[in-house]
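Enquirer: need a 3D model of the following:
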Amino acid sequence: MKELFFDTIDSTNTYLKAHYEQLEDQTFVRADLQTAGKGRSGRKWTASKGKNLTFSLLIKDEKVMEKFASLSVLSAYSVLESMKKIGLKDLSIKWPNDVYVKDAKICGILLEAVSKAKMEALIIGIGINVNEEDFATGLLHEPTSMKKQLHEDVDIGSFKDVVYDKLIQTVEKLKSGCDLYEEVKAYDYLKGKEVYCRIGDEKKKVKVLGIGEDYSLKVLWQGKELSLFSDEVTFHL
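Expert: Numbering: from 1, shown residues only. Presented below is the predicted three-dimensional model:
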C-alpha cells in the first residue's frame, strides 16, 4: 500500500486516471483540498480544506476489477465499519454509493473505470465528512459529519489509517473469493422505502425490496421485480 498526498489538487480521481500506468495497485491519493472534486452523475463534491477525508484508491488487480458491480457498496461498507469503530451509530448504506447516519449523508463514493481494449484500472473515490460544520445551502437534505455526530473533533490522520486498513482488508477478501453480502445487507438504508428511479427514459415510483446478492437494487414496479445496476435512485418526497 502506498499513499501520495497533495495539499491541493483538482481531483484525486482525475490524478489517478492520468497516472495509473506508473502507479502500483492499491495506491491511495489523498488531498486536503480538491478544487474539482467529483460526485456521482457529474455533480461537484465540495469540502472545506483540511476538515475532511478525501481520497481515491487505485485498483489494478483483475480479480478485484471483475467485482466492479459490488465495489461501490463494499467500499461504503468498509467506511461504515470504520466509523463504527470510533463510536458512530445509526449507520446505513444508501445504494449504491453513500453512507448515511439516520437520514443524513456522511460519505459519498464514486467509481470510475479506465478502459482501452479492456478495463485497465478502477478508481474508487471517497469523500467523508469528518470535521465539517458548514454545508452548502439549498441542499434538499443537509449532510452530517462525524464531528456533528460525536460532538468533538476527530483526528483525521488516525481515522484515515482505520479506513485504509478496512478498505484493503475488503479488497483482499474479494481477491480470495470471499463474499460480504450477508454483512452488507444488514445496513440497507433503502429497503422497504418508496423511491423514484429511472426505468428506460421515464421516472417511476418503485418499492425497494433491498440490495440483491449480485449487489443490484431489487425493486418492485407494477407488480414486477426489477434489478437496477446503475440507474439513479432518489428519495420519494
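
Enquirer: list the buried residues of the longest helix along the chain.
Expert: Taking DSSP state H as the criterion, the chain has its longest helix at helix 156-175. With burial defined by 16 or more other C-beta atoms under 10 Å, the residues of helix 156-175 counted as buried are 156, 159-160, 162-164, 166-167, 170-171, 174. Heads up, the C-betas are built off the backbone N, CA and C, glycines and all.

Enquirer: now do stretch 195-202
Expert: Across stretch 195-202, burial judged by 16+ other C-beta under 10 Å covers 195, 197.

Enquirer: using CSV, write out every CA atom in it.
Expert: C-alpha atoms of stretch 195-202 as CSV (Å, rounded to 0.1, in the frame of the first residue of the first chain):
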residue,chain,number,x,y,z
VAL,A,195,-38.3,5.9,-4.2
TYR,A,196,-38.2,7.3,-7.7
CYS,A,197,-35.9,5.7,-10.2
ARG,A,198,-35.3,5.9,-13.9
ILE,A,199,-36.6,2.9,-15.9
GLY,A,200,-35.8,3.5,-19.6
ASP,A,201,-36.4,7.2,-20.2
GLU,A,202,-39.1,7.6,-17.5
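
Enquirer: got any ranges where the chain has weak pLDDT?
Expert: Along the chain, segments meeting pLDDT under 70 span 37-46, 136-140, 200, 230-237.

Enquirer: top strand in it by residue count?
Expert: Longest strand in the chain by number of residues (criterion: DSSP state E): strand 104-115.

Enquirer: just to revisit the earlier point, now the buried residues of helix 156-175 in CSV, with distance to residue 143?
Expert: Listed next are the buried residues of helix 156-175 as CSV, based on distance: C-beta to C-beta, whole Å:
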residue, distance to residue 143
156, 17
159, 17
160, 19
162, 21
163, 18
164, 22
166, 21
167, 21
170, 24
171, 27
174, 28
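
Enquirer: residue 5: which of these is nearest?
Expert: Using C-beta to C-beta, residue 160 is the member of those that sits closest to residue 5, with 10.1 Å.

Enquirer: check the gap between that closest one and residue 205 for me.
Expert: To residue 205, residue 160 is 40 Å away according to C-beta to C-beta, to the nearest Å.

Enquirer: kindly report the same for residue 89.
Expert: Separation of residue 89 from residue 205 (C-beta to C-beta): 31 Å.

Enquirer: picking that back up, and the furthest pair within the buried residues of helix 156-175?
Expert: Spanning the widest gap among the buried residues of helix 156-175 are 156 and 174, at 26.5 Å by C-beta to C-beta.

Enquirer: and the helices in this structure?
Expert: Along the chain, counting by DSSP H, helices occupy 12-19, 62-65, 68-85, 146-150, 156-175, 181-184.

Enquirer: quick one: contacts of the first one?
Expert: Meaning helix 12-19. 4, 6, 9, 23, 27, 29-31, 34, 36-38, 54-56, 58, 110, 112, 114, 121, 123, 125 (C-beta atoms under 8 Å, 6 or more residues apart in numbering).

Enquirer: buried ones from those, can you make that a PyMOL selection?
Expert: Selection command for PyMOL covering only the buried members of those, criterion 16+ other C-beta under 10 Å:
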select buried, resi 4+9+23+27+29+30+31+34+37+38+54+55+56+58+110+112+114+121+123+125
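
Enquirer: among the contacts of helix 12-19, which lie within strands?
Expert: Taking DSSP E, the ones among those that sit in strands are 4, 6, 9, 27, 29-31, 34, 37-38, 54-56, 58, 110, 112, 114, 121, 123, 125.

Enquirer: so residue 96 touches residue 72, yeah?
Expert: Yes - with contact defined as C-beta atoms under 8 Å, residue 96 counts as touching residue 72 (4.5 Å).
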